[in-house]
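Participant: From the sequence below, what's the structure:
(one chain, ligands or ions: 3)
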Amino acid sequence: MKVDVLLGLQWGDEGKGKIVDVLTPNYKVIARFQGGPNAGHTLKFKEHKHVLHTIPSGIFRDNAVNVIGNGVVIDPIILQKELDALAKLNVPYKDRLVVSRKAHLILPTHRMLDAASEAAKGKDKIGSTLKGIGPTYMDKTGRNGLRVGDIETANFNETYSKLKEKHLQMLSKFDGFVVEGLGEMETTWMKGIELLRSLTIVNSEYFLSAELEKEHPILAEGAQGSLLDIDFGSYPFVTSSNTISAGACTGLGIAPNKIGEVFGIFKAYCTRVGSGPFPTELFDNDGEILGKVGNEFGATTGRPRRCGWVDLPALKYAVMLNGVTKLIMMKADVLSAVDTIKVCTHYNINGDIVEELPFDINANIDPVYKEFPSWKIDLTGMHSVNELPVELTNYIEYLENELQIPIVIVSVGPDREQTIERI
Ligand code: GDP
Ligand code: IMO
Ligand code: MG
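Facilitator: Ligands and ions are numbered 1, 2, ... in the order given. The predicted structure follows:
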């Protein structure tokens, strides 16, 4: 038995939450492997629309256990809010959720350090979600972090205070940054720690290995997207973890030879939230239409997402890095609203036509486009490939041919039901 991986191929928000929820009936375990509450994964079914930040997107199904892996960073305040929201919907989360002992904790002062660092960067800011992600991973790699397992020890409060004091010293070095409301945040944080203690805390690498032994299928759920990867993304405008498939190995303790299918998910166009390069970004009417019809607002921060066309050099890069075996195309319905669809096939960099992402994606990239007519009809009520308009089939087949990977699912709306399988 192998572990399948599902991850985003663009700058995040591809629709991972929706598809993990759709695929969960095929799995016994859903495991998040990196990121933290910077993620916002939206699920929609019947009258429910629900956004998850830390909790894997299989939580609404009763057939699967959801694992928060060691590669994830957890903010107990946000986790508590997520769990309270699930309790209101009568989701028996305690029976469906386990948490890795080795996952790192986001402290209130990590969030403050994130805010102080962003403010100090001024116009060069990353556009972080301000959830403390960068500072928490810095403490992890700097070997100072607090882990879930630490909350089970007798001297946890002391270890917490030591790290907090260190952070306060660091914060005092930021010009003009004032520490406010820490006491209140700490009280809520400690309540979150109590709730975390009441969950099933496991050595998730052993847990997952045992599940594999039992021949239980596992789906690893990524957060963010490949172009936000700390090593291969548009550095420094990236997040602080490995979002690519290799991150599933380190973020869950899965050996590389245990990886099975790699589902690469992408929007039929492209979006980015936060700062940083975006070669195919649109500043015209089409961009506005995509934002409006696609309802492109961040699920975590509410910020408007920047919109643009599909970028094939970037998608090919992501397919290569992840070893994608199956593609999933989202939000095809949104492209019904434009007249002409464009796909960037190459980059023109100072007269050179290239397909490779340059070291500096901020470089003077002029996208070379190929145009496709839009289908201009409503797809949202369609349920089978036979109903799809020929213009969409042509678009799909063109992308499959360029990427050399089959597109196995086409999504035509946010609801579970608005999902068309192509095999
Ligand atoms: P994630 O972070 O990858 O899980 O994606 P987000 O939840 O942040 O953003 C995807 C957004 O698109 C959410 O609002 C979804 O409800 C919505 N969505 C997902 N699939 C589709 C689709 O096929 N069509 C439309 N119109 N919306 C979709
Ligand atoms: P999901 O899982 C889209 C972006 C932020 C910022 C950069 C760094 O929902 O796809 P961070 O808070 O990690 O320090 O921010 O990364 N970012 C996301 N963009 N979707 C996400 O997650 C993101 N998580 C972080 O906007 O540009
Ligand atoms: Mg999202």
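
Participant: near ligand 3, which residues of the protein?
Facilitator: When proximity is defined by Cβ under 5 Å from the ion, the chain lies next to ligand 3 at 13, 40, 299. Placement of C-beta: from N, CA and C, glycine included.

Participant: So which of the residues you listed reach ligand 1?
Facilitator: Filtering those for neighbours of ligand 1 using Cβ under 6 Å from any ligand atom leaves 13, 40, 299.

Participant: pretty sure the second one is touching residue 50, no?
Facilitator: Meaning residue 40. No: using Cβ atoms under 8 Å, residue 40 is not in contact with residue 50; the gap is 10.6 Å.

Participant: contacting residues around the residue in the stretch 201-350 of the chain positioned nearest to ligand 3?
Facilitator: Residue of the stretch 201-350 of the chain nearest ligand 3, by Cβ to the ion: residue 299 (4.4 Å). Listed by Cβ atoms under 8 Å, 6 or more residues apart in numbering, the contact set of residue 299 reads 13, 40-42, 51.

Participant: among these, which are in strands?
Facilitator: Among the contacts of residue 299, the ones falling in strands (DSSP state E) are 41-42, 51.

Participant: re the thing from before, counting neighbours, which of the contacts of residue 299 end up buried?
Facilitator: 13, 40-42 (16 or more other Cβ atoms under 10 Å).

Participant: any idea which of those is the one closest to residue 412?
Facilitator: For the buried ones among the contacts of residue 299, the closest approach to residue 412 (Cβ to Cβ) belongs to residue 42, at 15.6 Å.

Participant: Kindly state the beta-bridge partners for that closest one.
Facilitator: Beta-bridge pairing of residue 42 under DSSP bridges involves residue 51.

Participant: right, and it touches residue 14 too?
Facilitator: No: checked against Cβ under 8 Å, the pair residue 42 and residue 14 is beyond contact range at 11.1 Å.

Participant: Is it possible to get JSON lines of the residues of the chain next to ligand 3 that adds pLDDT and distance to ligand 2?
Facilitator: Output for the residues of the chain next to ligand 3, formatted as JSON lines (pLDDT from 0 to 100; distance: Cβ to the nearest ligand atom, whole Å):
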{"residue": "13", "pLDDT": "98", "distance to ligand 2": "5"}
{"residue": "40", "pLDDT": "97", "distance to ligand 2": "4"}
{"residue": "299", "pLDDT": "86", "distance to ligand 2": "6"}
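
Participant: Dump the residues you listed to CSV, plus distance to residue 215.
Facilitator: Converted to CSV, those look like this (distance: Cβ to Cβ, whole Å):
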residue, distance to residue 215
13, 34
40, 33
299, 34
